[in-house]
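[1] output the structure for:
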Amino acid sequence: QIQGMPFGNCLLISDGPVNNSTGIPFFYVMLKDNVVVDLLKDPVASLTLPEADGNFCRKNVVNPEDPRCARLTLTGQMVTVPPEETEFAKQAMFSRHPVIRKWPRSYEWFFMKMNIEHIWLQSWYEGVSAVPVEE
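    Next up, the predicted model:
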């Protein structure tokens, strides 16, 4: 651990079941993950989603870091999913990532979500545009 410094990690994400996307990122996490420990102390986080799987990047074999592949960055507060949303979070995560049903329960998994405060879209070489959260 590096005191006072954030720690990043790759996490599975879902914004809802395939037929009910919400735009709200949900995560299935455990307390043994340093990222989660940090988020419980300071919930401010950012999440960058590359267009790596989009038609342009895949068709043209363009690296996700290439400016021609759009990137969406969300920033906000990471919070534990409240009990009344837990079933939806479970459906969201398990429907998109069925393998997690087999993960050991002894690790005390739980759900978090990001309450989005800011959205930025970087598209091509035009720089970064702010996107209203309501959109």
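[2] CA atoms of the top helix by length along the chain as PDB?
    Under DSSP state H, the helix in the chain containing the largest number of residues is helix 86-96. In PDB, the C-alpha atoms belonging to helix 86-96 read as follows (Å, rounded to 0.1, in the frame of the first residue of the first chain):
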ATOM      1  CA  THR A  86     -29.200  -5.000  -4.700                       C
ATOM      2  CA  GLU A  87     -31.400  -7.400  -6.800                       C
ATOM      3  CA  PHE A  88     -31.100  -5.100  -9.800                       C
ATOM      4  CA  ALA A  89     -27.300  -4.900  -9.400                       C
ATOM      5  CA  LYS A  90     -27.100  -8.700  -9.100                       C
ATOM      6  CA  GLN A  91     -29.100  -9.100 -12.300                       C
ATOM      7  CA  ALA A  92     -27.000  -6.500 -14.000                       C
ATOM      8  CA  MET A  93     -23.700  -8.000 -13.100                       C
ATOM      9  CA  PHE A  94     -24.600 -11.700 -13.400                       C
ATOM     10  CA  SER A  95     -26.400 -11.400 -16.700                       C
ATOM     11  CA  ARG A  96     -23.400  -9.700 -18.400                       C
END
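[3] just how off-centre is it within its chain?
    Here the centre of helix 86-96 is set off from its chain's centre by 14 Å, with Cα atoms, centre = their mean, to the nearest Å.
[4] likewise stretch 108-128?
    The chain centroid and the centroid of stretch 108-128 are separated by 7 Å, computed with Cα atoms, centre = their mean.
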